[in-house]
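Visitor: Here is a sequence together with a model predicted from it:
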Amino acid sequence: MADDLRPLRLALGDLLRVLRTDAGLTQKQLGERVGYARVTVATAESGHRSPTKDFWARADVELAADGRLVGGYDQLHAARVQRDRQRVQRAEADRAARVAQWRSGAALPEPSSDGTPLALPHDAARGNDHGDERAAAVRQSRRQADTEREGVVQDLEHREVAGRELGVVSPARDSAEAPRGSSELRDTLAALRRAEDEVGSAPVLGVTLSITRLTETLLRAAAGPARQKLLGLAGQHSQFVAWLYKDLGRHDLALGWYRRCGEQAREAGDPDLVSTVLSMRSHLSWSERDARSAVALAEGALLVPGIAPVVRSQAAQQFARALAMAGEAGGIDRYLDLAEDLAHQAAAEPERIPPWLYFHDVSRVAVQRGVAYVEAGRGEDAARVLQAWIDRTPAEHVRDRGWNYGRLALAHAMSADAEAALEAAHRAVDISLRAPSAHTAKDLRQSARLLRRTGAATAADEVRQMAQAIAKDGSL
């Protein structure tokens with residue numbers, strides 16, 4: 001995709017360079033006077049990326065630019081807003097076409113804004129043959145997700161029909177007495193989830209596997225309504241085990257447990273868990289840089305019928321991240337806004353929040369917005385959103401703060417702000433040594449690579465060593 005804002009950034013950068021040299025200042029000297037690193041000034045002058053308005057306002061005053069630098073930034077910002085609005089409109093048209101195709105069952109190529117099959121951004125550079133091959137792979141992946149979703153829908157619909165005919169409710173919602181021991185298992189699972197928030201995945205994996213095996217042993221001996229209740233609980237255990245393996249970087253094992261969870265959720269007739277496991281499988285594909293599967297699975301999660309607002313909010317967030325990876329940046333804010341609206345609705349219906357989404361609230365959408373912005377290359381926007389979330393998050397949310405300091409370091413590195421990236425990385429490491437996470441180590445490694453590309457070799461080496469320290473801790 002062509003960078004249609006580059007001419008404006010270049011013009012603004014040229015003006016900054018002229019004003020700076022006329023004032024007899026080096027890039028380092030100007031950076032010190034306005035409170036930013038030299039690399040931020042260099043990046044602004046090169047037009048590679050535009051710093052925040054705060055930078056331009058300070059530079060305008062320091063260089064006596066009479067509002068020309070701020071005016072140039074405002075023009076660039078207005079152009080960016082207009083471009084994003086147009087992308088949203090195109091994304092809406094694409095989305096409507098995909099939904100119509102999915103509901104009709106027609107096996108047609110997914111349209112893009114100009115009616116051509118969807119391809120990832122770098123396909124054009126590799127030739128039409130490769131683009132056609134990728135488009136075919138996208139269609140195949142979506143057909144597979146479609147088949148899975150249709151099976152889910154049929155299972156759920158059949159259960160509802162049978163329940164109405166027999167005069168009873170769906171097995172997943174029945175009020176039969178819970179099997180003995182199930183409440184203790186549920187309470188233990190809740191305690192393990194919260195323990196993982198504080199100490200990370202590795203310390204709780206072993207006991208979680210033991211409890212999960214016990215749950216499945218009870219399930220094999222159960223029958224009737226008791227079995228249905230245990231099925232849902234077993235599915236929740238499988239989902240949590242999958243998440244732990246995912247966090248520890250064992251994606252192969254995570255996928256196997258997610259699939260087991262999907263089977264248990266379908267048999268239990270639990271649409272919320274069905275949608276959740278599709279969202280989490282999309283997240284797994286997103287982590288493996290498989291954009292086509294991430295998009296297809298998240299889209300399937302959104303379309304599962306009868307799910308709670310909080311579950312649909314999670315699916316919308318994951319869909320936005322997947323779209324960002326696939327290069328469909330115009331849909332990011334639209335689906336994140338949808339996720340935020342659903343999160344507000346969920347807050348008004350707390351009784352419909354499943355136990356495995358106990359952590360979800362409106363503020364979580366901000367985190368996913370930051371992650372999606374990083375994916376889309378919007379480092380400054382991501383840093384702003386992530387820092388705001390960290391500032392208002394209680395200190396006891398140890399693991400999540402560690403993750404998001406790692407993401408914040410990546411956002412600053414993407415904006416070529418080496419000093420801010422280094423500070424965020426230090427905070428991420430302080431937390432990750434207490435609650436290790438493969439996510440944080442991965443974000444710091446990527447931050448180091450970006451810093452090196454922008455010429456901040458010393459900072460890059462320090463961040464790389466931090467990532468190695470987390471990995472060598474022995475918990476990952």
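Guide: On my side now, so go ahead.

Visitor: Compute the number of surrounding residues for Gly71.
Guide: 15 (other Cβ atoms under 10 Å). (Each C-beta comes from the backbone N, C-alpha and C, glycine too.)

Visitor: And what about it, helix, strand or coil?
Guide: The three-state label given to Gly71 by DSSP: H, G, I helix; E, B strand; the rest coil is helix.

Visitor: got the contact list for it?
Guide: For Gly71, the contact set (Cβ atoms under 8 Å, 6 or more residues apart in numbering) is empty.

Visitor: Show residues contacting stretch 357-369.
Guide: Surrounding stretch 357-369, the residues in contact under the criterion Cβ under 8 Å, 6+ apart are 190, 193, 197, 276, 310-311, 313-314, 317-318, 320-321, 332-333, 336, 339-340, 343-344, 346-347, 353, 385-386, 388-389, 392-393, 400, 404, 407.

Visitor: Drop anything exposed from the residues you listed.
Guide: Neighbour counting with 16 or more other Cβ atoms under 10 Å marks 193, 197, 276, 310-311, 313-314, 317-318, 320-321, 332-333, 336, 339-340, 343, 346, 353, 385-386, 389, 400, 404, 407 as buried within the contacts of stretch 357-369.

Visitor: Mind checking which of these land in helices?
Guide: In helices, judged by DSSP state H, the following of those are found: 193, 197, 276, 310-311, 313-314, 317-318, 320-321, 332-333, 336, 339-340, 343, 346, 385-386, 389, 400, 404, 407.

Visitor: Buried residues, the helix or strand harbouring Thr217. List them.
Guide: Under the criterion of DSSP states H and E, Thr217 resides in helix 202-221. Neighbour-count burial for helix 202-221, with 16+ other Cβ under 10 Å as criterion, is recorded at 202, 204-205, 208, 211-212, 215-216, 218-219.

Visitor: and Val34, what does it touch?
Guide: For Val34, the contacting residues are 55, 58-59, 62, by Cβ under 8 Å, 6+ apart.

Visitor: how about those residues in TSV, adding neighbour count and secondary structure?
Guide: Output for these, formatted as TSV (neighbours: other Cβ atoms under 10 Å; DSSP: H, G, I helix; E, B strand; the rest coil):
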residue	neighbour count	secondary structure
Phe55	22	helix
Arg58	19	helix
Ala59	25	helix
Glu62	18	helix
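
Visitor: residues touching Phe319, list them.
Guide: Listed by Cβ under 8 Å, 6+ apart, the contact partners of Phe319 are 282, 295, 298-299, 301-302, 331, 335.

Visitor: so how far is Tyr358 from it?
Guide: 22 Å (Cβ to Cβ, to the nearest Å).

Visitor: cool, Leu284 as well?
Guide: For Leu284, the distance to Tyr358 equals 21 Å [Cβ to Cβ].

Visitor: And for Val295?
Guide: The span separating Val295 from Tyr358 equals 27 Å under the rule Cβ to Cβ.

Visitor: In terms of neighbours, single out the busier of those two.
Guide: Neighbour comparison, Val295 and Tyr358: the larger count goes to Val295, with 28 against 12 (by other Cβ under 10 Å).

Visitor: What sits closest to that one if chain neighbours are left out?
Guide: Counting by Cβ to Cβ, 6 or more residues apart in numbering, Val295 lies nearest to Ala322, which is 4.4 Å off, once chain neighbours are set aside.

Visitor: ditto for Met280
Guide: Nearest residue to Met280, sequence neighbours excluded (Cβ to Cβ, 6+ apart): Tyr258, at 6.1 Å.

Visitor: Now do the contacts for the one you found.
Guide: Per Cβ under 8 Å, 6+ apart, neighbours of Tyr258: 238-239, 242, 277, 280-281, 284.

Visitor: show me where pLDDT drops low in the stretch 201-350 of the chain?
Guide: Along the stretch 201-350 of the chain, the model assigns pLDDT under 70 to no residue.

Visitor: what helix or strand does the nearest residue to Gln314 once chain neighbours are set aside sit in?
Guide: Spatial nearest neighbour of Gln314, excluding adjacent residues (Cβ to Cβ, 6+ apart): Ser279 at 5.3 Å. Ser279 is part of helix 271-287, with elements assigned from DSSP H and E.
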